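A.B. asks: here is a sequence together with a model predicted from it:
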Protein chains: 2
Amino acid sequence: MEQQPSSVKPIAMLKDELDIVIPTVRDLDFLEMWRPFFEQYHLIIVQDGDPSKTIKVPEGFDYEMYNRNDINRILGDKASCISFQDSGCRCFGFLVSKKKYIYTIDDDCFVAKDPSGKEINAVEQHIKNLISPSTPHYFNTLYDPFRDGADFTRGNPFGMHDAEFTHGNPFSMREGAKTVVSHGLWLNFPDYDAPTQIVKPLERNNRYVDAVMTIPKGTLFSMCGMNLAFDRELIGPAMYFGLMGDGQPITGYDDMWAGWCMKVICDHMGWGVKTGLPYIDHKKASNRFENLKKKFNGIFWQEQAVPFFQSVTLPKECTTVQQCYLELSKLVKKKLGTVDPYFIKLADGMVTWTEAWEELNTTPKGN
Amino acid sequence: MEQQPSSVKPIAMLKDELDIVIPTVRDLDFLEMWRPFFEQYHLIIVQDGDPSKTIKVPEGFDYEMYNRNDINRILGDKASCISFQDSGCRCFGFLVSKKKYIYTIDDDCFVAKDPSGKEINAVEQHIKNLISPSTPHYFNTLYDPFRDGADFTRGNPFGMHDAEFTHGNPFSMREGAKTVVSHGLWLNFPDYDAPTQIVKPLERNNRYVDAVMTIPKGTLFSMCGMNLAFDRELIGPAMYFGLMGDGQPITGYDDMWAGWCMKVICDHMGWGVKTGLPYIDHKKASNRFENLKKKFNGIFWQEQAVPFFQSVTLPKECTTVQQCYLELSKLVKKKLGTVDPYFIKLADGMVTWTEAWEELNTTPKGN
């Protein structure tokens, strides 16, 4: 796909190609601030917790809303794969969307300002990130070479990689790889874990780093679901936020789990994952002591999960995201099942998710 | 090593631990602008080209200067490994230095200003980068977690890696790895290759990205020698800038060659390479048509060299930089010697460099 020279064109073009997914347990007053940026898009609201509670949405927004009763009705037995009382329930929104792109945001995230004082249009920046290529196979020291005023530095290879290298997706080293995920950042409250929150309760992120970059192939990162966009058609089947929250021994690792799974699949497919701009203003962190209580299993398990994902190699026979994801679920069961029986349940959830995806979606394009 | 809370302390402490290496063919008027930042350090000037020419150095600087006759006298037969008429000759300065750290800069690089208009003390920032740890084994989305106001994001592992993982260098995932290279960037003229310079003669880099980051393990980048600092004691033996320029079929790939070799060795040793701040003001680019003429072999060969370096695995028996470097020279001869006989000569140069290093230096600490 060609890069768009203007920021207006893609936004206008993509109005009907992007859904905004918001998981929430409360009235969505935060949308007032986003009105100029969100009003033109369709919202999918996933109500978490007590389904009898009424969530108020400010007037003028185009939305559909699902509570737990809706999820159970629509998915039947397969509803067991969707988390309850955990923001991981947002992935139900990815499942029922019919759009090419998803932007998902938390309800404690507000419009941030750039250093000039201008309000940042997060959706627009995410779309720019997604429609311009990535560079996962060589690190460009001037960051995104496709931004205005930047390019590849001296020494960056020019060559073509054939389809075998990326399991079906040939590309040239100067035209870049397909971008499928855009991970935005947070001013104000940073996305720290419970121990770091406890040690540094007053630390805020005030540094606006004017960069978008590709996370290199073979490198893992912590994907945060607060301010995240992706190409649902291509990578949607891997954007499962796991089994967390009520009835599970772990909570709050939903986005990280999805990020680790997604990244090894993108590396296999030759696709790119970007991080950096846009920033949102994260107004509050969740309770840090509560977090430590609910998340301590994750802190132990991540020590095993990260090396597992670092060592995963998917077989070259896997040429679709679904094939990769089912293969990954087998490896999770086999390699992490010995860490805790929870991972066997999670691996089964991954299979159920894939079945639900196939039931609700036709085969995505591009695979 | 603990991170320094103040920027003043390391500078004062390290006054006698850092040499500034400058390759040049002309009078060093550019030093006037650097006076407040460089005057306290010792300079090693490597005169390239005609040794009968006199290079003027502004008064008040503490320096030693070497021309080609000096290089030949000091190294004897081994002088053959030092490039002539190529900025790669700078590595002779690394060889004769006795200091722990090196900062090397080109004579067309001037003091840049940060967005607030303050002059940037490049040496100070490089020292900060070198004395604080790196994070090559997991990507931190808030960039350098050791900077004031930043930390590791949620999901970053906490665990220890034992010495076996990094061939002798145990470390914890939250305390980071030893930083051995700090790669600074350039405002104004970016470091583009000849084809890009020809296509975009007017493009200038005006984007000040307020970030320092670790280049992940397993990822290659183009190291530029214009604004570069490193821990000579640890990685010096791998900082050979190759055989380029006069009498060779290639020029201007000196720094890239060193960067690729250095990076695979750092990955093996578990050490970190940072890029980002500080910026310098790059006032002019070399002649773009001349560049294309002199550098076209490199443009072909980089297509083979980069995949070669991406595939290199050093044996675990290599536990010192010299052992790694000699092993790498064998692999270069074997794998790239078939691309062009030049690589056989370059591999021999790598061996000669190692011999020269051992002759002029005792075994570095930390190996």
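C.D. replies: Yes, it's here. Predicted, not measured: the structure shown is a model, and the values here were computed from it.

A.B. asks: residue contacts, A:Val123?
C.D. replies: A:Ile11, A:Leu18, A:Ile20, A:Phe37, A:Phe38, A:Tyr41, A:Tyr103, A:Ala229 (CB atoms under 8 Å, 6 or more residues apart in numbering or on different chains). C-beta: built from backbone N, CA, C; applies to glycine.

A.B. asks: change it to 10 Å
C.D. replies: Residues near A:Val123 by CB atoms under 10 Å, 6 or more residues apart in numbering or on different chains: A:11, A:14, A:18, A:20, A:34, A:37-38, A:40-41, A:101, A:103, A:105, A:184, A:229, A:278.

A.B. asks: make a PyMOL selection of the buried ones in those residues.
C.D. replies: In PyMOL, a selection of the buried entries from these looks like this (16 or more other CB atoms under 10 Å in any protein chain shown):
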select buried, chain A and resi 11+14+18+20+34+37+38+41+101+103+105+184+229+278
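
A.B. asks: let me know the pLDDT of the spatially closest residue to A:Ile55 that is not a sequence neighbour.
C.D. replies: Leaving aside its sequence neighbours, A:Ile55 sits nearest to A:Gln47 (CB to CB, 6 or more residues apart in numbering or on different chains; 5.4 Å). On pLDDT, A:Gln47 comes in at 98.

A.B. asks: A:Trp260 too?
C.D. replies: So A:Trp260 comes in at 98 (pLDDT).

A.B. asks: let me know the helix or strand that it is in.
C.D. replies: In this assignment (DSSP states H and E), A:Trp260 forms part of helix A:254-269.

A.B. asks: residue contacts, A:Ser182?
C.D. replies: Contacts of A:Ser182 (CB under 10 Å, 6+ apart): A:101, A:103, A:122, A:125-132, A:134, A:212, A:227-231, A:272-278.

A.B. asks: of these, grab the buried ones for ChimeraX.
C.D. replies: Paste this into ChimeraX to select the buried members of the contacts of A:Ser182, with burial taken from 16+ other CB under 10 Å:
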select /A:101,103,122,125,126,127,128,129,130,131,132,134,212,227,228,229,230,231,272,273,274,275,276,277,278
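
A.B. asks: from the contacts of A:Ser182, which are also near chain B?
C.D. replies: A:Val212, A:Val273, A:Thr275, A:Gly276 (CB under 10 Å from any CB of the partner chain).

A.B. asks: looking at those residues, which are in strands?
C.D. replies: Among those, the ones falling in strands (DSSP state E) are A:Val212, A:Val273, A:Thr275, A:Gly276.

A.B. asks: may I have the phi/psi pair for the residue of the stretch 201-350 of chain A found nearest chain B?
C.D. replies: Ranked by CB to the nearest CB, the top residue of the stretch 201-350 of chain A for proximity to chain B is A:Ser222, at 3.3 Å. Main-chain dihedrals, A:Ser222, degrees, to the nearest 10: phi -100, psi 110.

A.B. asks: could I get the full set of helices for chain A?
C.D. replies: Along chain A, counting by DSSP state H, helices occupy A:8-14, A:31-38, A:68-75, A:91-96, A:122-131, A:194-199, A:232-235, A:254-269, A:288-311, A:321-331, A:342-360.

A.B. asks: buried set for stretch A:293-305?
C.D. replies: In stretch A:293-305, counting by 16+ other CB under 10 Å, buried: A:Lys294, A:Lys295, A:Gly298, A:Ile299, A:Trp301, A:Gln302, A:Glu303, A:Gln304, A:Ala305.

A.B. asks: residue contacts, the residue nearest the centre of chain A?
C.D. replies: In chain A, the centroid-proximal residue (CA atoms, centre = their mean) is A:Leu228; its distance is 4.9 Å. Residues in contact with A:Leu228 (CB under 10 Å, 6+ apart) are A:21, A:90, A:102-106, A:126, A:181-184, A:239, A:255, A:258-259, A:275.

A.B. asks: strands - which of the residues you listed land there?
C.D. replies: The strands, defined by DSSP E, take in A:Val21, A:Ile102, A:Tyr103, A:Thr104, A:Ile105, A:Val181, A:Ser182, A:His183, A:Gly184, A:Thr275 from the contacts of A:Leu228.

A.B. asks: reformat those residues as TSV; add pLDDT.
C.D. replies: TSV is the format used below for the ones in strands among the contacts of A:Leu228 (pLDDT from 0 to 100):
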residue	pLDDT
A:Val21	98
A:Ile102	98
A:Tyr103	98
A:Thr104	98
A:Ile105	98
A:Val181	98
A:Ser182	98
A:His183	98
A:Gly184	98
A:Thr275	98
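
A.B. asks: closest to chain B among those?
C.D. replies: A:Thr275 (5.1 Å).

A.B. asks: got the phi and psi for A:Glu39?
C.D. replies: The phi/psi pair for A:Glu39 (degrees, to the nearest 10) is phi -60, psi -30.

A.B. asks: pretty sure it contacts A:Asp62?
C.D. replies: Yes - A:Glu39 lies in contact with A:Asp62 (CB atoms under 10 Å); the separation is 7.9 Å.

A.B. asks: distance check, A:Gly117 against A:Tyr208.
C.D. replies: 11 Å (CB to CB, to the nearest Å).

A.B. asks: more neighbours: which of those two?
C.D. replies: Neighbours were counted for A:Gly117 and for A:Tyr208 using other CB atoms under 10 Å in any protein chain shown; A:Tyr208 has more, 17 against 6.

A.B. asks: for that one, give me its contacts.
C.D. replies: A:Ala112, A:Lys113, A:Asp114, A:Pro115, A:Ser116, A:Ile120, A:Leu185, A:Leu187, A:Leu277, A:Tyr279, B:Asp210.

A.B. asks: same check on A:Trp301?
C.D. replies: A:Pro249, A:Ile250, A:Tyr253, A:Trp257, A:Phe308, A:Leu336, A:Val339, A:Asp340, A:Tyr342, A:Phe343.

A.B. asks: generate a ChimeraX selection restricted to the buried entries among the residues you listed.
C.D. replies: To isolate the buried members of the contacts of A:Trp301 in ChimeraX, using 16+ other CB under 10 Å:
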select /A:250,253,257,308,336,340,342,343
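
A.B. asks: do you know how far A:Ile215 is from B:Ile198?
C.D. replies: Distance of A:Ile215 to B:Ile198, computed by CB to CB: 31 Å.

A.B. asks: again with A:Lys100
C.D. replies: 37 Å.

A.B. asks: now A:Ala194
C.D. replies: A:Ala194 is 54 Å from B:Ile198, by CB to CB.

A.B. asks: what residues of stretch A:42-61 count as buried?
C.D. replies: Buried-residue list, stretch A:42-61, by 16+ other CB under 10 Å: A:His42, A:Leu43, A:Ile44, A:Ile45, A:Val46, A:Gln47, A:Asp48, A:Gly49, A:Ile55, A:Val57, A:Phe61.

A.B. asks: who's the first one bridged to?
C.D. replies: Spelled out, that is A:His42. Following DSSP bridges, A:His42 is listed with bridge partners A:Asp19, A:Asp62.

A.B. asks: give the contact list for it.
C.D. replies: Contacts for A:His42 (CB under 10 Å, 6+ apart) come out as A:15-16, A:18-21, A:61-64, A:97-99.

A.B. asks: now the contacts of A:Trp301 in JSON lines, with pLDDT and distance to B:Arg154?
C.D. replies: Formatted as JSON lines, the contacts of A:Trp301 follow (pLDDT from 0 to 100; distance: CB to CB, whole Å):
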{"residue": "A:Pro249", "pLDDT": "92", "distance to B:Arg154": "18"}
{"residue": "A:Ile250", "pLDDT": "91", "distance to B:Arg154": "13"}
{"residue": "A:Tyr253", "pLDDT": "92", "distance to B:Arg154": "9"}
{"residue": "A:Trp257", "pLDDT": "97", "distance to B:Arg154": "12"}
{"residue": "A:Phe308", "pLDDT": "95", "distance to B:Arg154": "18"}
{"residue": "A:Leu336", "pLDDT": "97", "distance to B:Arg154": "19"}
{"residue": "A:Val339", "pLDDT": "94", "distance to B:Arg154": "20"}
{"residue": "A:Asp340", "pLDDT": "95", "distance to B:Arg154": "20"}
{"residue": "A:Tyr342", "pLDDT": "96", "distance to B:Arg154": "19"}
{"residue": "A:Phe343", "pLDDT": "97", "distance to B:Arg154": "20"}
